[in-house]
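Novice: turn this into a model:
(one chain, ligands or ions: 1)
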Amino acid sequence: MADKLRVGVIGCGDMSRNHVFGYLRADRYEIVALADLSTEAMKDFDEHFAEYSHYKAEHFTDFREMLTQSTLDVVSIGVWDKGHKPMTLAAAASGVKAILCEKPMADTLGAAADMRLVCDRHNVKLGIGHQRRWNPAYNLAKDMIADGEIGDVRMITAFARDGLPNYSSHQADMFRYLLGDLECLWVMGNVERETDQFARSIPIEDKALGHFGFEGGAQAIIVASLTPRSGWGAWITGSEGMIDLSLNDVKLSNARSGGWQQHFPDGDFQKNGEDTGFAVAYDNVDVQEAAIAQARDFAAWVSGETDYFRGEAQHGYKALEMVHAVYESARTHTQVQLPMKTMVHPLELMIEEGDLPVRYPGKYDIRNRSLRGENTASDEDNV
Ligand SMILES: NC(=O)c1ccc[n+]([C@@H]2O[C@H](COP(=O)([O-])OP(=O)(O)OC[C@H]3O[C@@H](n4cnc5c(N)ncnc54)[C@H](O)[C@@H]3O)[C@@H](O)[C@H]2O)c1
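Specialist: This is a model prediction of the structure:
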């Protein structure tokens, strides 16, 4: 086995913790540097990963210093969305081999396009953390669909909350993944925004409905905060059957199943919500299981053992494009054809243009709970 990949982490919050967990469990990496505005956040990381022999991280409060002073193969980016572009650009130019950046890929499609361009120019591999591509139940459902268990997929329904880019970029990515990465061709949708709410410094809607059409004729719907229901599963209807997908299992109904049949993925997988004795801040085992598999495949891709990485940046870009297209449809009152031409954040534009007046004033961020103090939200002011 080749030498371990040397990792530097930018932003030591919830999701980076999950990246590092995946790296250490995958056993292909060593964690050598951390960068965070908060020294406490880095100390918490050290404490959390103290038991791992391949974790010995130097601390930096300036990520650019980390990039110039450390010898790194991989950079993980786990700050809020507006930091993704500047940090990816700086990391790509610093000579690393690869970057794993969290989802949503960026705050705007323009920023996401720049990230791809600059990484290509520097020959740097860029992955986006839609880790549920490695969820065992998702893969079981994907295989059943590919094997024709439900015939041609007609409709996939998902239920969401907390802002389309924040929550539903995962679901847009899931639709494409389940369909074998078919392209989304068009999007129609609407939003309601009566409160001045944000998710990680990005304005979000109160409610949304998005309808997506894919090559081959499949369609999908995201129902966001119209009902109390939300979650990471999906109802999938085909010409010859149905699938009810959850994070843990797949229920199948077709002419051969004799009603609903419950299937679990092969293997000894941790289940969502199961106590694993590994106390991560992120109490979501489906995310951890997937993080390990994501880290393994990422190492194989970065090391040149394979040309394929299922979380490659083009998919992160398309997931962001699909949810931004819901906003763009609401803004332009049209069925938006993809690829999207509008490269700014369409919801932000609607707000600026006065198209979405707030009925209940008072700006608040649904993710402020993770702030460590002044100026730790990564927005324009601190990257
Ligand atoms: N893939 C998933 O399922 C999933 C789940 C949660 C979050 N996320 C994504 O992960 C990203 C991070 O979210 P989070 O909830 O983990 O954030 P968080 O608030 O828990 O952590 C962010 C960290 O970044 C640090 N930071 C801010 N500005 C910085 C800078 N300039 N330099 C260095 N560090 C800086 C903060 O101090 C904080 O420690 C977001 O883009 C989010 O959408 C993905």
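Novice: nearest to the ligand: which residue in the protein?
Specialist: Closest contact between the chain and the ligand, by CB to the nearest ligand atom, is at residue 13 (1.7 Å). Any C-beta I mention is one placed from the backbone N, CA and C, and that applies to glycine too.
Novice: so which bits of the chain are right by the ligand?
Specialist: 10-15, 35-38, 41, 63, 78-81, 83, 102-103, 129, 131, 166, 200, 287, 367, 370, 372, 376, 378, 382-383 (CB under 6 Å from any ligand atom).
Novice: other SSEs contacting the helix or strand hosting residue 17?
Specialist: Assigning secondary structure by DSSP states H and E places residue 17 in helix 14-26. Secondary-structure packing of helix 14-26 (3 or more CB pairs under 8 Å, 6 or more residues apart in numbering; DSSP states H and E): strand 5-10, strand 29-35, helix 39-48, strand 74-77, helix 285-302.
Novice: one more time with 7 Å, if that's ok
Specialist: strand 5-10, strand 29-35, helix 285-302 (3 or more CB pairs under 7 Å, 6 or more residues apart in numbering; DSSP states H and E).
Novice: so how far is the first one off the chain centroid?
Specialist: Using CA atoms, centre = their mean, to the nearest Å, the distance from the centre of strand 5-10 to the centre of the chain it belongs to is 19 Å.
Novice: just the residues contacting it, thanks.
Specialist: 16, 19-20, 23, 28-35, 63, 66, 70-79, 87, 299, 302 (CB atoms under 7 Å, 6 or more residues apart in numbering).
Novice: now the second one
Specialist: Under the criterion CB under 7 Å, 6+ apart, residues 4-10, 12, 20, 23, 42, 45, 54-60, 62-63, 66, 70, 72, 74, 299 lie in contact with strand 29-35.
Novice: got the phi and psi for residue 336?
Specialist: phi -80, psi 130 (degrees, to the nearest 10).
Novice: confidence score at residue 370?
Specialist: According to the per-residue confidence, residue 370 scores 73 in pLDDT.
Novice: helix or strand: which one has residue 329?
Specialist: Counting by DSSP H and E, residue 329 is part of helix 313-332.
Novice: elements contacting that helix?
Specialist: helix 109-121, strand 125-128, helix 169-178, strand 184-192, strand 207-214, strand 336-337, helix 346-352.
Novice: for the ones you listed, give me CSV that also has mean neighbour count.
Specialist: Listed next are the helices and strands packed on helix 313-332 as CSV, based on neighbours: other CB atoms under 10 Å:
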stretch, mean neighbour count
helix 109-121, 18
strand 125-128, 25
helix 169-178, 26
strand 184-192, 19
strand 207-214, 21
strand 336-337, 18
helix 346-352, 18
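Novice: save the ones you listed as CSV, and put in mean pLDDT too.
Specialist: Below are the helices and strands packed on helix 313-332 laid out as CSV (pLDDT from 0 to 100):
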stretch, mean pLDDT
helix 109-121, 98
strand 125-128, 98
helix 169-178, 98
strand 184-192, 98
strand 207-214, 98
strand 336-337, 98
helix 346-352, 98
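Novice: and residue 317, which of the ones you listed is closest to it?
Specialist: helix 109-121 (5.0 Å; CB to CB).
Novice: so the residue in the chain sticking out farthest from the centre, which of the three states?
Specialist: Distance from the C-alpha centroid of the chain peaks at residue 258, with 36.3 Å (CA atoms, centre = their mean). With DSSP: H, G, I helix; E, B strand; the rest coil as the basis, residue 258 sits in coil.
Novice: alright, I will stop here.
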